[in-house]
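Peer 1: Just need the structure, nothing else, for what follows:
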Amino acid sequence: MPVLYSGGGQGLMAIPKYYEMYHAFLSCLSDGMVHTNKDIREYVIKEFGITDGEAAELLPSGKQRILDNRIGWCRAYLKKAELIESPARAQFFITEKGKALLQKTVVIDDDVLMQYPSFVAFKKGTTARTRSVSAVNESETPQETLDRVYSEVNAQLADDLYTFIMSQTPDFFEALVIRLLESMGYGGTIQGAGMVTQSSRDEGIDGIINEDKLGFDQIYIQAKRWETDKTVGRPEIQKFVGALAGQGATKGVFITTAHFSSAAVEYAQKQHTTKVILIDGKRLTDLMIEHELGVTTEYTYKIRKIDTDFFSEE
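Peer 2: As a prediction, the model looks like this:
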């Protein structure tokens, strides 16, 4: 039976909070099939008896529907807890963890999700804090809350970016890497300063970019779009260093969607005649957000303070 939920504003509304949607979201996926965002939205609307008017209500910014925003955060947190997975953009299915939780638990909220290490890591970072999420919120200053929420929004954006990247072709990824480095200031303004190589691919080089505007020095690139659970080991970096030597190059960057082993990182750091920079999937998405590649600014909030000079008698 649908019930009314407090919406955080005045009175009651039929739009549930994001954490009140956890059970319904998982129930929609309980058949084991892949479902789209549209499927899930329609299921939630039916489950909670949300009217057309309520479903159309907007956030104070006026740029997004409240329902869509809350379903989005519900989806994000379930994914962080590894209760659902996304095989493709805007498509989702329930995991074995999700099925097990749905079978044994009637009420699912953030406290329940805190039993999953991946969710704890997302909510609290890598620090070993043991207090509940609500306790952390109660102890925060408004500025601390803003900073934490900003970090969570960027973390979710990075996760979405990764999903989009993995849905593209390897050729797209190689071109993306060049565009990222150009957006970071490499390559300068000369046409063709950054390029994806064709003839040298067999030699272990995927791209070349100028380090400066005039092209006095060049950086050689290897770009590997691999699944996040793959570990790039020392042998791969050794091959890349060998490829750089074959080109007479002294600078290279190895960019991947996967992650590097400690041995690979250590080997790269020990190189002296050849400088090698490693960029894994997490750093890649962080750099894309920082340099606004593949993302746009949706909202801008200004934090104001008193101008004491205005009230000065001098």
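
Peer 1: Tell me where the model's unsure across this structure.
Peer 2: Along the chain, the parts satisfying pLDDT under 70 run over 1-13, 125-139, 188-203, 313-314.

Peer 1: residues in contact with stretch 41-48?
Peer 2: Contacting residues not belonging to stretch 41-48 are listed as 2-3, 5, 14-16, 21, 24-25, 27-28, 50, 55, 67-68, 71 [CB atoms under 8 Å, 6 or more residues apart in numbering]. Backbone N, C-alpha and C define where each C-beta goes, glycine included.

Peer 1: do that again at 10 Å, thanks
Peer 2: Defining contact as CB atoms under 10 Å, 6 or more residues apart in numbering, one finds that stretch 41-48 is touched by 1-5, 14-16, 20-21, 23-25, 27-29, 35-36, 50-52, 54-55, 65, 67-68, 70-71, 74.

Peer 1: Report the buried residues of it.
Peer 2: Residues of stretch 41-48 classed as buried by neighbour count (16 or more other CB atoms under 10 Å): Arg41, Tyr43, Val44, Ile45, Glu47, Phe48.

Peer 1: cool, stretch 108-120 as well?
Peer 2: Going by neighbour count (16+ other CB under 10 Å), the buried part of stretch 108-120 is Ile108, Asp110, Val112, Leu113, Tyr116, Phe119, Val120.

Peer 1: And the strands in the stretch 101-250 of the chain?
Peer 2: Ranges of strands within the stretch 101-250 of the chain are 194-196, 207-210, 218-224, 231-232, based on DSSP state E, counting those that start in this stretch.

Peer 1: want to throw those into TSV with distance to Leu244 and mean neighbour count?
Peer 2: Compiled in TSV, the strands of the stretch 101-250 of the chain are given as follows (distance: least, CB to CB, whole Å; neighbours: other CB atoms under 10 Å):
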stretch	distance to Leu244	mean neighbour count
strand 194-196	17	18
strand 207-210	11	21
strand 218-224	6	22
strand 231-232	16	18
